[in-house]
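Trainee: With the input below, show me the fold.
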Amino acid sequence: MIKDIIKKLNRLFKFNRVLQFKMFLGLALLAAVGVQSRMLKDMEQDLAMAQAEWDQVLQTPALEKKLRSKNLKLLKPESQIIAIKNILEGTSFRDEVYQAIIDGEIYSAGDMIGDYKIMNITLRTILLENTQIFDIKELSFPEKEE
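Mentor: Numbering: from 1, shown residues only. Below you'll find the predicted structure:
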């Protein structure tokens, strides 16, 4: 019985051009859907990769800042002072203690940054002593003009 049905379908398919066209069109549509599905998956992967790269780009300034403070000891003392001044963000007075914000981290008197020991902090100045050559430097904020 199944063999008879298959024979009848084969004969119908061989001689019916409309059915052949519909089958061909169905297979073509199925292939197109498969190709589009694969393209969509590739695009999603590309989008995820681009998003990851964009996230990394947004982190670059913070990473560069951290690299600047971590590599201070590789610099000469004069260059260290310039680098510290560039990454000096501010000072604060809290709980009757002056602190300096340098490269996103909080430092107090006695802390080390590079080869320099922080001797004293005020709201306008930071006094640093180089522990290698015993040179004292003062970093100050420019006066604001109003």
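Trainee: Let me see the domain layout of the protein.
Mentor: Following automatic domain parsing, one finds the domains of the chain at 2-64, 71-140.
Trainee: deepest of the ones you listed, which one?
Mentor: Comparing those by mean neighbour count (mean count of other C-beta atoms under 10 Å), domain 71-140 comes out on top with a mean of 15. C-beta: built from backbone N, CA, C; applies to glycine.
Trainee: Quick check: what element follows the helix or strand of the chain with the lowest mean pLDDT along the chain?
Mentor: Across the helices and strands of the chain, mean pLDDT, DSSP states H and E gives its lowest value to helix 77-87, namely a mean of 76. Later in the chain than helix 77-87, the nearest helix or strand by DSSP states H and E is strand 88-94.
Trainee: Run me through the strand neighbours of that following strand, direction for each.
Mentor: Taking DSSP bridges as the criterion, strand 88-94 pairs within the sheet with strand 97-102 (antiparallel).
Trainee: Name the surrounding residues that touch the strand it pairs with.
Mentor: Here strand 97-102 makes contact (C-beta atoms under 8 Å, 6 or more residues apart in numbering) with 69, 84, 87-93, 106-109, 113, 118, 120-123, 126.
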